[in-house]
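*Asks:* no sequence for this one, just the structure:
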């Protein structure tokens, strides 16, 4: 049995957008905290920064894995046009690339770009749902 049965029910009855929003909030929080630690010289805090970026990466990677496979995305009525999942996969790849660069180069600008893209996606998802 779950430690918090209300949390279990909340998760089981959540819409896909609710679940994405929870992941979004967690991912952005991790990226913002990691950004603060990019310029720190303390080895313990640098390990913490890498862990936070790893966790944010895992969230976006999960979203990418949840998209339909490429061979199911084709639009027979508009050949050569990218479907929404294909464009979403590109946006997620951009975010993943920025997270990798931020970790490798200690660049807060890369984290800012990842957050900006996630904020843009959030606006799109909420516009689509209404």
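*Replies:* That came through fine. The structure displayed is predicted, hence computed values, not measured ones. Numbering: from 1, shown residues only.

*Asks:* Residue 86: what secondary structure?
*Replies:* Going by DSSP: H, G, I helix; E, B strand; the rest coil, the secondary structure assigned to residue 86 is helix.

*Asks:* now the one 3 residues further on
*Replies:* Here residue 89 takes the helix state, with states given by three-state DSSP.

*Asks:* Would you quantify the distance from it to residue 50?
*Replies:* Going from residue 89 to residue 50 by Cβ to Cβ, to the nearest Å gives 25 Å. Every residue, glycine included, has its C-beta placed from N, CA and C.

*Asks:* So those two - more neighbours on which side?
*Replies:* residue 89 (18 against 13; other Cβ atoms under 10 Å).

*Asks:* ok, the more buried one touching residue 64?
*Replies:* Yes. The criterion here is Cβ atoms under 8 Å, and residue 89 meets it with residue 64 at 6.2 Å.

*Asks:* And the helices in the chain, which stretches?
*Replies:* In the chain, the helices defined using DSSP state H lie at 5-12, 16-36, 43-65, 84-105, 108-129.

*Asks:* Which other helices and strands does the second one contact?
*Replies:* This means helix 16-36. The contact analysis (3 or more Cβ pairs under 8 Å, 6 or more residues apart in numbering; DSSP states H and E) places helix 16-36 against helix 43-65, helix 84-105, helix 108-129.

*Asks:* so which of those helices gets nearest residue 32?
*Replies:* Minimum separation from residue 32 across the helices and strands packed on helix 16-36 (Cβ to Cβ) falls at helix 108-129, 7.1 Å.

*Asks:* Mean confidence (pLDDT) on that closest one, please.
*Replies:* The average pLDDT within helix 108-129 is 93.

*Asks:* for that helix, packing partners?
*Replies:* Applying 3+ Cβ pairs under 8 Å, 6+ apart, one finds that helix 108-129 contacts helix 16-36, helix 84-105.

*Asks:* Pull out the buried positions in the longest one.
*Replies:* Neighbour-count burial for helix 84-105, counted by 16 or more other Cβ atoms under 10 Å, picks out 85, 88-89, 91-92, 95-96, 98-99, 101-103.
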